[in-house]
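Participant: what shape does this take:
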Amino acid sequence: MALENGNHNGASILSPSRHDAVSTYAAAKSRYQQNGNAMSNGAGQRVDGFYAADVFNERVMRQRLPKDIFKRLMETIHLGKPLRAEIADVVAAAMKEWAIENGATHYTHWFMPLTGLTAEKHDSLTIPDGKGGTLSEFGGSALVSGEPDASSFPSGGLRATFEARGYTAWDPTSPAFLTRSEGTVTLCIPTAFVSWTGEALDKKTPLLRSMEAINIQAMRILKLFGTDAGVSRVITTLGPEQEYFLVDRGLYFARPDLLLCERTLFGARPPKGQQLEDHYFGSIPAAVLTFMTDVERELYRMGVPVKTRHNEVAPGQYEIAPVFETTNIACDHQMLVMETLKRVAPRHGLQAILHEKPFAGVNGSGKHNNWSLSTDTGVNLLDPREEAHTNMQFLVFLCAVIRAVDLHADLLRASIASASNDHRLGANEAPPAIISIFLGDMLTDIIEQLETGRTRRTIKGGALDLGAHTLPQIPRDSGDRNRTSPFAFTGNKFEFRAVGSTQSSAWPNTVLNTIIAESLDSMASRLERAVGSKPTEARLQAAVRTLLKEIVRQHKRVIFNGDGYSEKWHAEAARRGLPNLKDTVEALPVLRTKKAVDLFKRYKVLSKAELESRADVFVEKFIKQVTIEAETMVSMARTMILPAALRHQARVAQAVAAAADAGVSSQTQRGMLEELVDLADSLREKTDELEEAVSHHDADPLKHARHIKTAVRPAMAALRTIADELETQVASDLWPMPTYRDLLFIKG
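Facilitator: Okay, the predicted model is just below:
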């Protein structure tokens, strides 16, 4: 059958009637459900219990490694000490033994190239020796580094195609794990990916460098306050929430746009969307809950600590959220979340859609980036505590973030720029492209006090009396939340809400860490000069008050607690001088500015060549992604929508002719026919215009991207308008693809 051999272009799928497409899928869907409803452990047995059985974590290493080796490895992981070769050999032997005991036959260095996805090449853990035994193919050198072909990964000009060599380097801070699929078990080793020249070709290497940069600068602040005793490192922590849609897999295959682009390029709004506001936090459908449980079991086994699941705002939209982890581990786990959602959904006859805006007219999906700073002793440096106005160390870190976001709002905006996120930012469910900070009532009041040079109070939330004796009084936070803010303080962390749902978390967190490292560096240097070689408490407090007063006055323009969707805010933001980079084409050139180059170079996060390579890769991806969408639209309009419109037009023409033959003249029917003819002609015209627009090429990628913005995307919008109008006119049995009504509300 077409679905089983991967050919989705047959008449059984793209038939004239979407109902036929659904019915032809029924048998395949049944097999998916029979084969996959229970999560297998490689031996075909259901796995119960929520435990990380397939992770080579600290607990497993403590059991399997000699004490001295374990101690030295922990020093590498937790203190950043260099890893010695003899340690790697022992760890590799223990890891291989553990993996084979759990059924693994192969291992892979698992990394994040600039594609935005993950990559892996599998090698056997053992090979026959020709004498009835086996030889080990996994030692210390194989654990620490590998040599994949780097020529076919995007490099933005860092590497020529004929210069293929690249290296993967083990990240010991991120635990190795096992993946299980169709009876095959593979040992996955998280790694960085660099070229033969040592330049970063991935998203992990700059992230680890940025974490080191912020650690160095944050430790200077702790030393000034005398709170560095017992603290070895300052780490950034992350809890990325993942939003996604689920659609029936049969309907998915009947939509070429979903199949190729992960979003609907055509589709009229259904009578019911999200206007009743009845989906958000609603009862989870039984089929979806079964899927979610399956996903969670697989993630738990790989050590991914997911915690929350619920219905999101749009029909068919859901969310999964983890417990906070160290940022590089959280970014690895976030990629596993996305991969697992995609892999598990077909077992249940579903397809997981991660695109930021798969359906027009309803909410899109984001990946809320909950970011904080913590010491390795467990102290959250962004926790204001009870009397926040007296917690000067917290206020220093808070003002460092405010300063960083104001100075580098353009870089933060560029870090989440993509063709897919352009459809979401600024819409009714997502923050605007203007980067601002929401602090809430309590912190805003303290910031205003800082501007005067003296802090005297902290606003308390108090308790909520719910008016019924049977209900408890509950503590009320000192401030409300703001869902329209792109960068909001939410109690003891900042939530960067503008990150796109398909995006790797690594790049925006690399940018965030780097800009805050720069702020901490500047502030630490000022304070160190002010207190001198013999600091006293009084001198430090005076220096801090002076510095924070200055920072608030210079950077308070970025603080906004109001409605980020309002036109008044857009006008106010312009008066304040805040950048408004409305789309990817406007945002990405920021990566080439001298300010950006100097920033990343100063903190050894990215060289000039490495940063420019990313700018090139991101622009090229934008061009390719929109070009694929435009060419898909042309194909669907010509081969699916226009034929359906003409068939319906023929029906109406026959009805008009039959009425005339019977001696009945109907101007209404004639008007309907004329309208259909006009729409069909317009569809053909707009299809030709889009085809001409997308055929344009420019040797300069940025000029090509600007053409995509000014010519291709408007032509796509014009074609969609006509096609969506036709959908409301053409008979349901003739329309060639599932509608929004089907996609959003049918789940199995």
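Participant: wait, a helix at H697?
Facilitator: No. When classified by DSSP: H, G, I helix; E, B strand; the rest coil, H697 is found to be coil rather than part of a helix.
Participant: was I right to think it contacts H704?
Facilitator: Yes. The criterion here is Cβ atoms under 8 Å, and H697 meets it with H704 at 6.5 Å. From N, CA and C alone the C-beta is placed, and that goes for glycine too.
Participant: ok, these two, which is more surrounded?
Facilitator: Under the criterion of other Cβ atoms under 10 Å, the comparison of H697 against H704 puts H704 first, with 20 against 10.
Participant: list the contacts for that one?
Facilitator: Shown in contact with H704 (Cβ atoms under 8 Å, 6 or more residues apart in numbering): 623, 696-698.
Participant: what of L599?
Facilitator: 408, 411, 514-515, 518.
Participant: among these, which one lies nearest to G671?
Facilitator: L411 (55.7 Å; Cβ to Cβ).
Participant: quick check: nearest residue in space to I284, chain neighbours excluded?
Facilitator: Of all residues beyond its chain neighbours, the one nearest I284 is N311 (6.1 Å), with distances taken as Cβ to Cβ, 6 or more residues apart in numbering.
Participant: and the helices in the stretch 101-250 of the chain?
Facilitator: Secondary structure of the stretch 101-250 of the chain (DSSP state H, counting those that start in this stretch): helices at 140-144, 204-225, 249-253.
Participant: so which of the ones you listed is nearest V712?
Facilitator: helix 249-253 (25.3 Å).
Participant: partner residues bridging the nearest residue to D171 once chain neighbours are set aside?
Facilitator: Leaving aside its sequence neighbours, D171 sits nearest to P190 (Cβ to Cβ, 6+ apart; 4.9 Å). P190 has these beta-bridge partners by DSSP bridges: W110.
Participant: could you list the low-pLDDT ranges of this protein?
Facilitator: 1-52, 129, 133-134, 148-152, 154-165, 386-390, 426-430, 457-483, 748 (pLDDT under 70).
Participant: try it again at 50.
Facilitator: Residues of the chain meeting the criterion pLDDT under 50: 1-51, 464, 466, 471, 474, 476.
Participant: residue at max distance from the center of it?
Facilitator: G663 (63.5 Å; Cα atoms, centre = their mean).
Participant: next one: it from A657, what distance?
Facilitator: 12 Å (Cβ to Cβ, to the nearest Å).
Participant: so the residue nearest to the spatial centre of the chain is in which element?
Facilitator: Closest residue to the average C-alpha location of the chain: Q503 at 3.2 Å, with Cα atoms, centre = their mean. Taking DSSP states H and E as the definition, Q503 sits outside all helices and strands.
Participant: would you check how far apart it and D248 are?
Facilitator: 26 Å.
Participant: can you check L341 too?
Facilitator: In terms of Cβ to Cβ, L341 sits 16 Å off from D248.
Participant: with T308 instead?
Facilitator: 25 Å.
Participant: could you give the number of residues near K272?
Facilitator: 13.
Participant: returning to what we had before: of the contacts of H704, buried ones?
Facilitator: Buried by 16 or more other Cβ atoms under 10 Å: I623, out of the contacts of H704.
Participant: any chance of the contacts of H704 in TSV, plus distance to Y300?
Facilitator: Formatted as TSV, the contacts of H704 follow (distance: Cβ to Cβ, whole Å):
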residue	distance to Y300
I623	40
H696	50
H697	48
D698	49
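Participant: quick one: which of the contacts of H704 is nearest to F266?
Facilitator: I623 (21.9 Å).
Participant: my read: the closest one touches I708, true?
Facilitator: Yes. Counting by Cβ under 8 Å, I623 touches I708, with 6.0 Å between them.
Participant: what helices or strands is the one helix or strand K568 maps to leaning on?
Facilitator: For K568, the host element (DSSP H and E) is helix 567-576. On a contact count with 3 or more Cβ pairs under 8 Å, 6 or more residues apart in numbering; DSSP states H and E, helix 567-576 meets no helix or strand.
Participant: now it: buried residues?
Facilitator: 569-570, 572-573, 576.
Participant: one more: stretch 258-269?
Facilitator: 258, 260-269.
Participant: now do the same end-to-end measure for it.
Facilitator: Terminal residues of stretch 258-269 are spaced 16 Å apart (Cα to Cα, to the nearest Å).
Participant: stretch 153-167 too?
Facilitator: Where stretch 153-167 begins and where it ends lie 13 Å apart, using Cα to Cα.
Participant: ok, stretch 588-603 next?
Facilitator: Start-to-end, stretch 588-603 (Cα to Cα) is 21 Å.
Participant: for stretch 562-578, same thing?
Facilitator: 15 Å.
Participant: and it, how far out from the chain middle?
Facilitator: Taking Cα atoms, centre = their mean, to the nearest Å, the mean C-alpha location of stretch 562-578 is offset from the chain mean by 26 Å.
Participant: and what of stretch 544-555?
Facilitator: That offset, for stretch 544-555, works out to 34 Å (Cα atoms, centre = their mean).
Participant: can you say which of the contacts of L599 are buried?
Facilitator: 408, 411, 514-515, 518.
Participant: of all the helices of the stretch 101-250 of the chain, which one comes closest to I329?
Facilitator: So among the helices of the stretch 101-250 of the chain, helix 204-225 is nearest, using Cβ to Cβ, at 10.7 Å.
Participant: and the closest one, what other elements does it pack with?
Facilitator: Partner elements for helix 204-225 (3+ Cβ pairs under 8 Å, 6+ apart): strand 184-195, strand 234-240, helix 327-344, strand 369-375, helix 392-407, helix 506-531.
Participant: go again with 6 Å.
Facilitator: Helix 204-225 sits against strand 234-240, helix 506-531, with contacts defined as 3 or more Cβ pairs under 6 Å, 6 or more residues apart in numbering; DSSP states H and E.
Participant: can I get these in a markdown table including distance to T118?
Facilitator: Formatted as a markdown table, the helices and strands packed on helix 204-225 follow (distance: least, Cβ to Cβ, whole Å):
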| stretch | distance to T118 |
| --- | --- |
| strand 234-240 | 15 |
| helix 506-531 | 11 |
